[in-house]
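S.K.: All I have is the shape, not the residue letters:
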Ligand code: UDP
Ligand code: MN
């Protein structure tokens, strides 16, 4: 049977949260054998996400961990603790006999269904282009003779792995075989989370290029505009309390 794809999604409370999760669920429910690990950035599981997941039609695990306030500043990496909580869950609940592929799926990106077909065959660590990152319309690994030999990127080409969180997948057994591999806060510069993590588990020469030797964009680092809420009533509220 197909290896299970574990999609790890950190998420936090804001006006568009339910809309983002709805968009994601619509993609994920069309993917066979996908297990969604949703990690809320909150002190407990919220009612909104709990109710949403119960009805979303995707097999899931619902976790939470609150990012300490001191880490919630501009220019700091986001969702470090949440991704690590998901890795810890996998290490506790999955073992040597389980086949799977682990993928980091932020809640605001856009995912093509083909991306999941590509990553399903990941034996070690696979990699592919991502749209709208690095200050360019896309960033991609340069491939020669089936190997990654460099990076096409507009931002810090000196990064050991010049890829976005949405640009790679890891075989579950690699996650289990490297029990100490984690996303780091200490010593991690902004935008270096991916490189810092990948360095712990693989080498550039071992990367498995997907998406036609990294020549197709199957995931986009889209970002959702904040809705304008300046006209929300302060006094004459609606007569019903509606979850949005
Ligand atoms: N996120 C989070 N807590 C935060 C900010 C972000 O859990 O305080 C999540 C967010 O929902 C998303 C991921 O972390 O799944 C990356 O955040 P964002 O999309 O804002 O980052 P960017 O697009 O700027 O890389
Ligand atoms: Mn984002």
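M.R.: That came in fine, so what should we check first? What you see is a predicted model; the values in this text were computed from it and never measured. Ligands and ions are numbered 1, 2, ... in the order given.

S.K.: Provide the secondary structure category for the closest residue to residue 60 other than its chain neighbours.
M.R.: Of all residues not flanking residue 60 in the chain, residue 36 sits nearest, at 4.3 Å (C-beta to C-beta, 6 or more residues apart in numbering). Where you see a C-beta, it was placed from the backbone N, CA and C, and this is true even at glycine. Here residue 36 is recorded as strand under DSSP: H, G, I helix; E, B strand; the rest coil.

S.K.: okay but residue 36 is in contact with residue 58, surely?
M.R.: Yes - here residue 36 reaches residue 58: they are 4.8 Å apart, a contact under C-beta atoms under 8 Å.

S.K.: residue boundaries of the helices in this structure?
M.R.: Shown for the chain, the helices assigned by DSSP state H span residues 17-28, 47-55, 80-93, 113-119, 172-177, 193-199, 211-214.

S.K.: Ligand 1: which of those is closest?
M.R.: helix 80-93 (5.2 Å; C-beta to the nearest ligand atom).

S.K.: Please point out which parts of the closest one sit buried.
M.R.: 80, 81, 82, 83, 84, 85, 86, 87, 89, 90 (16 or more other C-beta atoms under 10 Å).

S.K.: Tell me the spacing between the second one and residue 39.
M.R.: Going back to what we said before, that points to residue 81. Distance of residue 81 to residue 39, given as C-beta to C-beta, to the nearest Å: 8 Å.

S.K.: now do residue 103
M.R.: Applying C-beta to C-beta, the value for residue 103 to residue 39 is 14 Å.

S.K.: which residues are common contacts for these two?
M.R.: residue 8 (C-beta atoms under 8 Å, 6 or more residues apart in numbering).

S.K.: What parts of the chain come near ligand 1?
M.R.: By C-beta under 6 Å from any ligand atom, the residues of the chain that approach ligand 1 are 9-12, 41, 67, 72, 78-79, 82, 106-108, 223.

S.K.: so what's the spatially closest residue to residue 44 that is not a sequence neighbour bridging to?
M.R.: Residue nearest to residue 44 in three dimensions, not counting chain neighbours: residue 64, with 6.1 Å by C-beta to C-beta, 6+ apart. With DSSP bridges as the criterion, residue 64 is bridged to residue 40.

S.K.: ok, residue 64 touching residue 37?
M.R.: No - the pair residue 64 / residue 37 is not scored as a contact, 11.5 Å apart, by C-beta under 8 Å.

S.K.: Looking at the two, which has the bigger crowd around it?
M.R.: Neighbours were counted for residue 64 and for residue 37 using other C-beta atoms under 10 Å; residue 37 has more, 24 against 17.

S.K.: Please consider this matter closed, and thank you.
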